[in-house]
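> A predicted structure for the sequence below; I have some questions about it.
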Amino acid sequence: MSSQYKHFDQFMINYMYIKDLLNMSVFTERTLVLLRW
């Protein structure tokens, strides 16, 4: 049970990290588009 919970915890950390990376890339893309104009 505890190992399963630990695995889930790791998954959540990875999920949040990937979500942050996606948000950053989208934000950077929009900023570059704004700067291009």
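Yep, that arrived.

> tell me the mean pLDDT for stretch 5-14?
When the per-residue pLDDT values of stretch 5-14 are averaged, the result is 86.

> Any buried residues in it, and which?
By neighbour count on 16 or more other CB atoms under 10 Å, the buried set for stretch 5-14 is empty. (Glycine included, C-beta is placed from N, CA and C.)

> just how off-centre is stretch 23-37 within its chain?
Once both centres are worked out by CA atoms, centre = their mean, to the nearest Å, stretch 23-37 turns out to sit 16 Å from its chain's centre.

> shift numbering so it begins at 55
Fine by me, first position is 55 from now on; the one you just mentioned is stretch 77-91.

> pLDDT (mean, whole number) over that stretch?
Predicted confidence along stretch 77-91 averages 88 (mean pLDDT).

> Kindly format the C-alpha coordinates of it as CSV.
Once non-C-alpha atoms are left out, stretch 77-91 reads as follows in CSV (Å, rounded to 0.1, in the frame of the first residue of the first chain):
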residue,chain,number,x,y,z
ASN,A,77,2.6,26.4,-19.5
MET,A,78,6.1,27.9,-19.9
SER,A,79,6.4,26.9,-23.5
VAL,A,80,3.0,28.2,-24.3
PHE,A,81,3.8,31.5,-22.5
THR,A,82,7.1,31.8,-24.3
GLU,A,83,5.4,31.1,-27.6
ARG,A,84,2.9,33.9,-27.0
THR,A,85,5.6,36.3,-25.9
LEU,A,86,7.6,35.6,-29.1
VAL,A,87,4.5,36.1,-31.2
LEU,A,88,3.8,39.4,-29.5
LEU,A,89,7.4,40.5,-29.9
ARG,A,90,7.3,39.6,-33.6
TRP,A,91,4.5,42.0,-34.3
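
> Dead centre of this protein: give me the residue that sits there.
The residue at the geometric middle of the chain, judged as the C-alpha nearest the mean C-alpha position with CA atoms, centre = their mean, is residue 73 (2.0 Å).

> how close does that residue sit to residue 79?
Separation of residue 73 from residue 79 (CB to CB, to the nearest Å) stands at 11 Å.

> From the contact counts, what lies against the helix or strand hosting residue 73?
Using DSSP states H and E, residue 73 falls within helix 56-90. Using 3 or more CB pairs under 8 Å, 6 or more residues apart in numbering; DSSP states H and E as the contact criterion, helix 56-90 has no neighbours among helices and strands.
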